[in-house]
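Student: Provide a 3D model corresponding to the input given below.
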Amino acid sequence: MHKVLFYGNGLREYMEQLRGKGFTVRAFRSHSALLKNISRAEILIIDSALPGARKKIAKHVREIPKIIVSDGSGAKTGGWVLEPLAYPVVSPTPSELGGLVSRVMRESGKLRKLDKMSSDLSDARDDADFFERMSHTLMTSKSPAEIFSAFLRRAVSISKADGWAYFIADDETGELLCKKSSKMAKECFPDMVSKQHLASEIALSGKTRILPGKRKGKKPSRKGSVPSGPYIGVPVIKDSKVLGVLELYNNPGGRDFNRNDACMVTKFADLAAHAVDNIGLQQRLEDLVITDDLTKLFNTRYLNRSLESEIQRSARYSTSVSLIFMDLDHFKDVNDVHGHLIGSKLLAEIGQLLMKQLRTLDVVARYGGDEFVILLPQTELRGAMVIAERIRERIEKTIFLKKEGMNFRITSSFGVASYPETAGSKDELIKIADDSMYNVKKNTRNGVYAIILDGSF
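Tutor: Numbers count the residues shown, from 1 in each chain. Below is the predicted model of the structure:
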């Protein structure tokens, strides 16, 4: 029997609806009582009007599907959009909420089945799945340092090592630059000359080294040259070029590393090599002009490349990607009355406002003239609608061009579409979002609109 936990007041009619459908339902008004029982929940329904609800419980329920219920009277649900597995909904009928719960349950059931299947696979298949997930995670990394430290933190978690270090080869000089984990014991790590020498040996040979720790009764044979504790060093190589060295350390007297540990770090090094190589390619691409000179937002070239990448990722990992088209209302009048210079300054201020309203992983681009496009990775249609409405309201309430002494106000129209909910391809996603935006322009302006398969909202 499915278990649903309610948090907040005013949800009784929804509870009765779910009980009638056979769900096991419990309600809590205090966050402490809720968190004591949270391990039993398959889904959590939250009253957004409850003061401080997100602040009190969000970090404890990140892995649990959450439906955030708002009555539309000003209770804020926008913050929940940033949380994983969150589904904001405004003033649903009991029947509508029951339908949403059933859909979320089906999706959760699919995820649980996938988890069970994964747990039954062989160790080799588990490793393959893990490395694929790590590759996906590191697609967003922007530097070799981020990539190396991400893999080494995972390696430490698996091997229970006491510390890690990595060396990055300078592209021009070939010098190995070092970074170590902050909690590594001092006696675990050799001095600068020694560590540079050991890493250089590994880089030159292109071979992994495993060194045991000192044992009682044995004279220290490598004092001052290498760590006195157990050690693994693995080169990071791509197309015969050394990109760096990954290292794991244990304190003196700690467990010796074995071939399995070395195999794991070697696989990490191979993945890191590909990821760092991709960063090099991306950096060369980014040297091209990818930003709009006026607004400092991305241009359509970068938007198209990002959109293709996000749709591929969405298809591969069964996530959603949403697109928002935005157009300023009556912007032509601004240019006609005040001149193009004022119009340009207004566009620049709008661009800065958009960047402040979004996550770092979102892409904001100027699409041309007074039209903007917002790409929202890992965001479903309803979440994108909430974000679009938040931006619409922010623009409507903001006073622009204060420095010019104009105290200018303007509104905007939004069209929203999502892959794969409402569009099956990149071109279709763009067209549906654009058509939705023009629907607003043609009818009401200053609104948000989305087309879905069986209607619109």
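Student: report pLDDT for the residue most central in space within the chain.
Tutor: By Cα atoms, centre = their mean, the chain has its centre lying nearest to residue 361, at 6.4 Å. We have a pLDDT of 86 for residue 361.
Student: and it, which of the three is it?
Tutor: When classified by DSSP: H, G, I helix; E, B strand; the rest coil, residue 361 comes out as coil.
Student: phi, psi of it?
Tutor: When read as degrees, to the nearest 10, the backbone of residue 361 gives phi -80, psi -10.
Student: give the contact list for the closest residue to it other than its chain neighbours.
Tutor: Nearest residue to residue 361, sequence neighbours excluded (Cβ to Cβ, 6 or more residues apart in numbering): residue 377, at 5.6 Å. C-betas here are computed from N, CA, C, even on glycine. Neighbouring residues of residue 377 by Cβ atoms under 8 Å, 6 or more residues apart in numbering: 310, 313-314, 319, 321, 361-362.
Student: separation between residue 377 and residue 417?
Tutor: Separation of residue 377 from residue 417 (Cβ to Cβ, to the nearest Å): 14 Å.
Student: what do you get for residue 235?
Tutor: Relative to residue 417, and taking Cβ to Cβ, residue 235 is found at 46 Å.
Student: and the two? which has more neighbours close in?
Tutor: residue 417 (27 against 23; other Cβ atoms under 10 Å).
Student: returning to what we had before: show me the contacts of residue 377 that map onto helices.
Tutor: Counting by DSSP state H, the contacts of residue 377 place 310, 313-314 in helices.
Student: out of the residues you listed, who's the most crowded?
Tutor: Of those, residue 310 is surrounded by the most neighbours, 25 neighbours in total, counting by other Cβ under 10 Å.
Student: how far away is it from residue 110?
Tutor: For residue 310, the distance to residue 110 - Cβ to Cβ - is 22 Å.
Student: so where does residue 345 fall, helix or strand?
Tutor: helix 340-357 (DSSP states H and E).
Student: and that helix, what's buried?
Tutor: For helix 340-357, a neighbour-count test (16 or more other Cβ atoms under 10 Å) marks 342-343, 345-351, 354, 357 as buried.
Student: quick check: the gap between residue 246 and residue 273.
Tutor: Taking Cβ to Cβ as the measure, residue 246 falls 10 Å from residue 273.
Student: ok so, going back, ok, the contacts of residue 377 vs residue 298, which is closest?
Tutor: For the contacts of residue 377, the residue nearest residue 298 by Cβ to Cβ is residue 362; the value is 10.5 Å.
Student: hang on, residue 412 packs against residue 325?
Tutor: No - the criterion here is Cβ atoms under 8 Å, and residue 412 misses it with residue 325 at 10.4 Å.
Student: give me the contacts around stretch 32-50.
Tutor: Here stretch 32-50 makes contact (Cβ under 8 Å, 6+ apart) with 2-11, 14, 26, 28, 53, 57, 60-61, 64-71, 75-77, 80, 88, 97, 101, 104-105, 108.
Student: please point out which parts of that stretch sit buried.
Tutor: 34, 38, 41-50.
Student: what's the answer for stretch 267-274, then?
Tutor: Within stretch 267-274, the residues scored as buried using 16+ other Cβ under 10 Å are 267-269, 271-273.
Student: out of these, which sit inside helices?
Tutor: Among the buried residues of stretch 267-274, the residues falling in helices (DSSP H) are 267-269, 271-273.
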